[in-house]
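Enquirer: Got a sequence here, can you build the structure:
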Amino acid sequence: MERKTDLTRLLFSISSLADLGQEVSSAKDVEEKMRSALYVVTGMFSVPRAALLAYTPRRRCMEVLAGKGVDAAPDIRLCVDAVHLKSFPMNELVACDDLAGSPLYERNREAFRRLGTKTFVPLFAKNECVGALSLGKRLSRNAYLRSEKDALKAAAHQLAITLQNARLFLKLSEKVAENKRLYENMRQIYLDTIQAFAAAIDFKDDYTKNHSLRVATYAAAVAGDLGWQEKDIEAIYIAGLLHDIGKIVIDSGIINKRDELTTRERDVIRTHPQVSYSILSKIRFPWKNVVQFIRHHHERIDGGGYPDSLSEGELSEGAKILNLADAFDAMVTDRPYRDRLTLEEAFREIRRCRGTQFDGRISDVFCDLLRKEMDGDVMQARILPQLRKIGALQLEPAGTLYEA
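Expert: Okay, the predicted model is just below:
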């Protein structure tokens with residue numbers, strides 16, 4: 001009969017260890033995983049009161065990660081020094097009577113009382129203490145049999161590995177968060193530098209103050225409405241800021257000339273996309289396709305643009321968006337050679353050039369987006385504030401605008 005009972009206990013221990021393995025390998029968060037694992041252990045040995053403690057080397061203490069039948073567990077801590085760690089047997093059971101009188105016990109007498117500790121199991125993974133298991137009185141009040149001790153040691157080993165993995169994951173998460181903060185700081189510095197550079201480019205032209213910022217904003221708004229991913233939206237925003245960087249090599253006299261440009265002067269102006277490409281292609285941008293968008297922002301759908309005379313099928317969507325954003329801003333702002341168009345005139349021009357200079361779908365999206373902004377049908381207007389800054393809204397009501 002006794003052998004049958006021992007066999008039953010052994011089978012129960014094996015089954016419980018299998019349950020424990022399933023719990024610690026589950027996809028739950030660490031605290032929920034350890035709480036479930038603790039409940040499996042307490043069920044294995046009929047212990048109604050127990051706690052799983054995690055060791056934090058930096059604070060030199062063990063804190064309750066999961067508890068069962070323990071009052072006010074979150075504020076219970078065991079102060080643990082290096083000398084205590086050296087005296088711990090790895091994943092072995094230590095009876096409370098054996099703990100009494102030890103430096104660890106004397107220093108944490110009140111904590112052990114509140115935990116109701118009768119058996120204490122230090123948890124080690126790769127010779128490193130990661131926590132401890134505190135078990136209270138057993139309901140059966142029986143001492144642990146040898147087979148039960150072996151099962152408890154196996155459970156302790158699994159718990160130790162799980163705690164170690166959780167600690168490593170936490171360290172990794174903290175490192176990832178730190179790297180993300182550093183990346184965001186560097187990214188902001190990058191953006192600030194580009195925006196300052198864009199402002200310097202526009203400063204050269206008396207008539208295009210903040211032109212690059214507006215083009216970037218229009219382009220990003222259209223890309224967002226087309227469902228682009230955030231990183232790609234940022235790429236076209238950067239392209240908008242830098243699209244005219246090639247003009248830094250062009251004589252200001254040509255850029256600000258009030259009279260009609262000569263053929264030679266027009267040819268000089270037309271070099272700026274290539275110059276921009278030459279300057280920027282040497283930079284390893286963290287965004288894809290920035291330099292291609294910039295090189296092709298004066299191409300046309302019908303192949304009549306420059307510098308490469310590409311047609312619709314050869315142009316990226318980003319280049320088509322930038323083309324329209326740049327042209328639209330030129331339409332609604334004063335230039336040395338002409339006054340600006342009204343919004344209605346600009347929309348008529350977009351309609352006239354739809355399918356020749358501008359991509360039809362992008363033209364429709366841009367016009368629909370601006371009309372929705374003017375009607376208040378968007379959460380956050382992006383184009384409208386830029387038009388308001390340049391005084392382009394003292395025009396006809398939105399209902400007169402181009403219907404796609």
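Enquirer: Point out where the stretch 301-404 of the chain drops to low pLDDT.
Expert: Counting by pLDDT under 70, the ranges of the stretch 301-404 of the chain that qualify are 394-404.
Enquirer: quick one, helices of it?
Expert: Assigned by DSSP state H, counting those that start in this stretch, the helices in the stretch 301-404 of the chain fall at 317-331, 343-353, 360-374, 383-389.
Enquirer: Any idea how far apart the tips of stretch 48-64 sit?
Expert: The first residue of stretch 48-64 is 16 Å away from its last residue (CA to CA, to the nearest Å).
Enquirer: And for that stretch, what's in contact with it?
Expert: 34-35, 37-38, 41-42, 65-70, 73-74, 76-81, 115-116, 129-137, 139, 159, 163, 166-167 (CB atoms under 8 Å, 6 or more residues apart in numbering). Glycine gets a C-beta too; all of them are placed from N, C-alpha and C.
Enquirer: List the buried residues in that stretch.
Expert: For stretch 48-64, a neighbour-count test (16 or more other CB atoms under 10 Å) marks 49-55, 61-64 as buried.
Enquirer: deepest of the helices of the stretch 301-404 of the chain, which one?
Expert: Using mean count of other CB atoms under 10 Å, the stretch among those with the largest mean neighbour count is helix 317-331, at a mean of 24.
Enquirer: For the residue most central in space within the chain, pull up the helix or strand it's in.
Expert: Compute the mean C-alpha point of the chain, and by CA atoms, centre = their mean the closest residue is K180, 7.6 Å away. For K180, the element it lies in under DSSP states H and E is helix 146-203.
Enquirer: Which elements pack onto the helix or strand just after that helix?
Expert: The first helix or strand that comes after helix 146-203 along the chain, using DSSP H and E, is helix 211-225. In terms of contact count using 3 or more CB pairs under 8 Å, 6 or more residues apart in numbering; DSSP states H and E, helix 211-225 is assigned the packing partners helix 146-203, helix 230-242, helix 317-331, helix 360-374, helix 383-389.
Enquirer: Any chance of JSON lines for these, columns distance to A346?
Expert: Listed next are these as JSON lines, based on distance: least, CB to CB, whole Å:
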{"stretch": "helix 146-203", "distance to A346": "20"}
{"stretch": "helix 230-242", "distance to A346": "18"}
{"stretch": "helix 317-331", "distance to A346": "4"}
{"stretch": "helix 360-374", "distance to A346": "10"}
{"stretch": "helix 383-389", "distance to A346": "10"}
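Enquirer: show me where the stretch 1-150 of the chain has strands.
Expert: Assigned by DSSP state E, counting those that start in this stretch, the stretch 1-150 of the chain shows strands spanning 50-56, 61-68, 77-79, 94-95, 119-125, 128-135.
Enquirer: Between the ones you listed, which one is closest to R109.
Expert: Of all the strands of the stretch 1-150 of the chain, it is strand 77-79 that lies closest to R109, at 10.6 Å by CB to CB.
Enquirer: Can you tell me what sits against that closest one?
Expert: With contacts defined as CB under 8 Å, 6+ apart, strand 77-79 is touched by 53, 60-63, 104, 107-108, 111-112, 132.
Enquirer: Among those residues, which has the minimum pLDDT value?
Expert: Lowest pLDDT among those: L104, with 85.
Enquirer: What separation is there between that one and A235?
Expert: Between L104 and A235 the distance is 58 Å, computed by CB to CB, to the nearest Å.
Enquirer: likewise G43?
Expert: Counting by CB to CB, the gap from G43 to A235 is 55 Å.
Enquirer: And A330, by the same measure?
Expert: Counting by CB to CB, the gap from A330 to A235 is 22 Å.
Enquirer: again, but for R214
Expert: Distance from R214 to A235, counting by CB to CB: 18 Å.
Enquirer: mind putting the buried residues of stretch 48-64 in a markdown table, distance to M379 included?
Expert: Rendered in a markdown table, the data for the buried residues of stretch 48-64 read as follows (distance: CB to CB, whole Å):
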| residue | distance to M379 |
| --- | --- |
| R49 | 53 |
| A50 | 51 |
| A51 | 49 |
| L52 | 46 |
| L53 | 48 |
| A54 | 43 |
| Y55 | 48 |
| C61 | 48 |
| M62 | 49 |
| E63 | 44 |
| V64 | 45 |
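Enquirer: quick one: which of these is nearest to A151?
Expert: A50 (15.0 Å).
Enquirer: That closest one and D326, how far apart?
Expert: Counting by CB to CB, the separation of A50 from D326 is 69 Å.
Enquirer: Tell me, please, where in the stretch 151-300 of the chain the pLDDT is lower than the cut-off.
Expert: Counting by pLDDT under 70, the ranges of the stretch 151-300 of the chain that qualify are 204-208.
Enquirer: wait, doesn't V94 sit right on F120?
Expert: Yes - counting by CB atoms under 8 Å, a contact exists between V94 and F120, whose distance comes to 4.6 Å.
Enquirer: out of these two, which sits in the more crowded spot?
Expert: F120 (23 against 19; other CB atoms under 10 Å).
Enquirer: Now do the contacts for the more buried one.
Expert: Each residue near F120 by CB under 8 Å, 6+ apart is listed here: 93-96, 99, 112, 132-135.
Enquirer: same question, A143
Expert: Neighbours of A143 in contact, by CB under 8 Å, 6+ apart: none.
Enquirer: So for it, what pLDDT did the model give?
Expert: Value listed for A143 in the pLDDT field: 80.
Enquirer: Please apply the same query to F12.
Expert: pLDDT recorded at F12 is 43.
Enquirer: Quick check: chain neighbours aside, which residue is closest to V290?
Expert: Using CB to CB, 6 or more residues apart in numbering and skipping residues adjacent in sequence, the residue nearest V290 is A239, 4.8 Å away.
Enquirer: tally of neighbours for the one you found?
Expert: Neighbourhood size, A239 [other CB under 10 Å]: 32.
Enquirer: Quickly list the domain ranges of this protein.
Expert: 2-174, 204-400 (automatic domain parsing).
Enquirer: hang on, the earlier thing: can you pick out the most distant pair from the contacts of strand 77-79?
Expert: R60 and F112, at 17.1 Å, using CB to CB across the contacts of strand 77-79.
Enquirer: would you list the strands of the stretch 1-150 of the chain in a markdown table and tack on distance to D377?
Expert: Compiled in a markdown table, these are given as follows (distance: least, CB to CB, whole Å):
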| stretch | distance to D377 |
| --- | --- |
| strand 50-56 | 52 |
| strand 61-68 | 50 |
| strand 77-79 | 56 |
| strand 94-95 | 70 |
| strand 119-125 | 58 |
| strand 128-135 | 56 |
